[in-house]
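[1] What follows is a predicted protein model with its sequence.
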Amino acid sequence: MHEMTPRQIVTELDKYIVGQTNAKRSVAIAVRNRWRRQNVDPAMQPEIAPKNILMIGPTGVGKTEIARRLAHLTGAPFIKVEATKYTEVGYYGRDVESMIRELVENAIGLVREKEREKIKEEAEERTIEKLVDMLLGTDSENEPPQGFSITNPANQTGDFPPGFPPFVFSGMTQTDSATWQANQPEIQAAPDDTAARRERNREKIRKMLIDGKMEDRKVEISVESKGNGMPMMMGIGGDLDNIQEMIEKIMPKRSQYREMSVREARTVIFEQECEKLINKEKVDAEAVELAENLGIIFIDEIDKVVASEKSSGADVSRQGVQRDLLPIVEGTTVQTRYGYVKTDHILFIAAGAFHKSRPSDLMPELQGRFPIRVELNDLTQEDFVRILTEPKGSLTAQYAALMATEEVDLEFEKGGVEKLAEYAFSVNQTSQNIGARRLATILERLLDELSFDAPDLDAGKVVIDTAYVVKRLEDVTKDEDLSMFIL
């Protein structure tokens, strides 16, 4: 785990997310506390539970982005789930425990990537050697003298004396054998010469492979052909991990030979060698430990599982989801295909707009498992200006990079950016407020014509100033009915 201080975490989050200082501080402290727990007395560690966070705020203000960037900064396993996918009416929704299985799968990926880096060099060397072997089998310079072929003596006919070289020339007769006996020193030297020639050929081919001079040569390799496994089961819920794993073990693995270029084979063989070198049991064990101690689960739309005063139909389902979530968040043990996973120290970050409900409408027991409450602010017009220009990979920078591929130099002037922010803020106020996501809609509408015509234009430089924005957006934003559907 990266040893970042809360201040460093907030500084990094500021590069991607505008505002929401309180939310950033809360998650930064929660992450630092996880590092602190790893460094306290081992006897005390089990007693220190994570301080789960409940983010409250409208859509598009940065809730999901904060959690996602946080996981990236810390290198922790992270998944995002929507509470609503467990509440489909008339459909047995997904098992709540599936979020833990997904988290472990994410951890498996992180640990495998780390292990791959360790064995990458050895796997590449093995890949080269396998390719050399394959190419030697078809290389014309490696063929024996005309009229002979290298073969195993066990397949030969004739009375060859003990100690015969490990390979012989097929077609040797009893007379040839007698000649061998009469000239043993001379004939025994031949295999040594052939072995030396083979080694010289190997070195030559190996160098050519490393230099990339044989990428288009064809080789034949064995590729594992996976069966269809189990059919798709539509209309049923729950998790089928254990059934799937059992079927995979029962179904035989089939291999087939495929001809492909060295360029393609290099990737396939490298993956095969990585599979052989990586210790699967070690990866599984480390991944489970990583998920248990550093995993982060972001539960979005948790307000959608708040039941109203009536208790029938969908509301019963929502209440049931809350009851199912409770033991997961409190701490329980979940069975996965990689072993049992304890959820006691997984950090849960829940988020919801709570337009039609309040956090206090959640089950009291579930409320208690989210002791840190953070309210995110609505975005202002000034925030939109900052979002368009300040973050790394801002929307304006993204569109400029896209247009540069068509040799169009796209430049956003300050006045144009401010006008864009004004329109986005105005539309949010007069129609559905979708926060910063409105900026993507506005920009796509603004640059629609340029994006379509760019491949056919010799446009050079295009400046997005106030006049450009007004010309393309004024009519749409004035018509509220139209803006509701278009913007």
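    It's in.
[2] hey, let's count contacts and neighbours off CA atoms from now on
    Fine.
[3] List the residues that contact residue 284.
    By CA atoms under 8 Å, 6 or more residues apart in numbering, the contact set of residue 284 is 108, 338.
[4] Now it: which helix or strand?
    Per DSSP states H and E, residue 284 falls inside helix 280-294.
[5] Tell me the buried residues in stretch 261-278?
    Of the residues in stretch 261-278, 262-263, 265-266, 269-271, 273-274, 277-278 count as buried by neighbour count, 16 or more other CA atoms under 10 Å.
[6] re the thing from before, and the next element down the chain from the helix holding residue 284?
    Following helix 280-294 toward the C-terminus (DSSP H and E): strand 296-300.
[7] what is the orientation angle of the helix or strand following that following strand with strand 296-300?
    Downstream of strand 296-300, the first helix or strand assigned by DSSP H and E is helix 314-330. Interaxial angle, helix 314-330 versus strand 296-300 (axes from the mean of the first three to the mean of the last three CA atoms, to 10 degrees): 160 degrees.
[8] So which elements touch helix 314-330?
    helix 364-368 (3 or more CA pairs under 8 Å, 6 or more residues apart in numbering; DSSP states H and E).
[9] heading toward the C-terminus, what's the first helix or strand past the helix it packs on?
    That would be, after helix 364-368 and using DSSP H and E, strand 372-375.
[10] Just the residues contacting the next helix or strand after that following strand, thanks.
    Per DSSP H and E, the first helix or strand lying C-terminal to strand 372-375 is helix 381-389. Outside helix 381-389, the residues that touch it by CA under 8 Å, 6+ apart are 17-19, 394-397, 417-418, 421-422, 424-425, 436, 439.
[11] Count the neighbours of the closest residue to residue 419 other than its chain neighbours for me.
    Closest residue to residue 419 apart from its sequence neighbours, by CA to CA, 6 or more residues apart in numbering: residue 466 at 6.1 Å. For residue 466, the count of nearby residues is 17 (other CA atoms under 10 Å).
[12] now, among the contacts of helix 381-389, which is nearest to residue 451?
    For the contacts of helix 381-389, the closest approach to residue 451 (CA to CA) belongs to residue 396, at 13.7 Å.
[13] which helices and strands sit right next to the helix or strand that contains that closest one?
    Taking DSSP H and E as the definition, residue 396 sits inside helix 395-404. If you count contacts as 3+ CA pairs under 8 Å, 6+ apart, helix 395-404 packs onto helix 381-389, strand 408-412.
[14] How about residue 261: what's its closest non-neighbour residue?
    Spatial nearest neighbour of residue 261, excluding adjacent residues (CA to CA, 6+ apart): residue 218 at 4.4 Å.
[15] residues touching that neighbour, list them.
    259-262.
[16] Likewise for residue 62?
    Counting by CA under 8 Å, 6+ apart, residue 62 has contacts 17, 20.
[17] how far away is it from residue 348?
    For residue 62, the distance to residue 348 equals 17 Å [CA to CA, to the nearest Å].
[18] Residue 423 now?
    Spatial separation of residue 423 from residue 348 under the definition CA to CA is 36 Å.
[19] next one: residue 31
    According to CA to CA, residue 31 and residue 348 sit 11 Å apart.
[20] what about these two, which has more around it?
    Applying other CA under 10 Å to residue 31 and residue 348 shows that residue 31 carries more neighbours, namely 26 against 21.
[21] For the helix holding residue 284, could you pull out the residues that count as buried?
    Within helix 280-294, the residues scored as buried using 16+ other CA under 10 Å are 283-284, 286-294.
[22] C-terminal to the helix or strand containing residue 73, what's the next element?
    Secondary structure from DSSP H and E places residue 73 in helix 63-74. Using DSSP H and E, the helix or strand that follows helix 63-74 in sequence is strand 78-82.
[23] What residues does the residue lying closest to residue 399 once chain neighbours are set aside make contact with?
    Excluding the flanking residues, the one nearest residue 399 by CA to CA, 6+ apart is residue 410, at 7.8 Å. Taking CA under 8 Å, 6+ apart, we find residue 410 in contact with 399-400, 403-404, 461-464.
[24] For those, work out which two are farthest apart.
    404 and 464 (14.6 Å).
[25] Which neighbouring elements make contact with the helix ranked longest in the chain?
    In terms of residue count, the longest helix belonging to the chain (DSSP state H) is helix 98-136. On a contact count with 3+ CA pairs under 8 Å, 6+ apart, helix 98-136 meets strand 78-82, helix 184-210, strand 218-225, helix 262-277, helix 280-294, strand 296-300.
[26] Residue 329: which of the ones you listed is closest?
    strand 296-300 (9.9 Å).
[27] Can I get that closest one as CSV, trimmed to CA atoms?
    What follows is strand 296-300, C-alpha atoms only, in CSV (Å, rounded to 0.1, in the frame of the first residue of the first chain):
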residue,chain,number,x,y,z
ILE,A,296,-12.7,-0.8,-1.4
ILE,A,297,-16.4,-1.3,-2.4
PHE,A,298,-18.3,1.7,-3.7
ILE,A,299,-22.1,1.2,-3.4
ASP,A,300,-23.8,3.7,-5.6
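[28] contact partners of the helix holding residue 73?
    For helix 63-74, the surrounding residues in contact (CA under 8 Å, 6+ apart) are 1-2, 9, 12-13, 17, 24, 27, 55, 57, 77-78, 296, 298, 300, 349, 351, 376.
[29] residue contacts, residue 369?
    Applying CA under 8 Å, 6+ apart to residue 369 gives the contacts 51-52, 329-330.
[30] can you redo those residues as JSON lines with pLDDT, distance to residue 343 and neighbour count?
    Compiled in JSON lines, the contacts of residue 369 are given as follows (pLDDT from 0 to 100; distance: CA to CA, whole Å; neighbours: other CA atoms under 10 Å):
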{"residue": "51", "pLDDT": "87", "distance to residue 343": "13", "neighbour count": "22"}
{"residue": "52", "pLDDT": "90", "distance to residue 343": "12", "neighbour count": "23"}
{"residue": "329", "pLDDT": "89", "distance to residue 343": "7", "neighbour count": "19"}
{"residue": "330", "pLDDT": "88", "distance to residue 343": "8", "neighbour count": "17"}
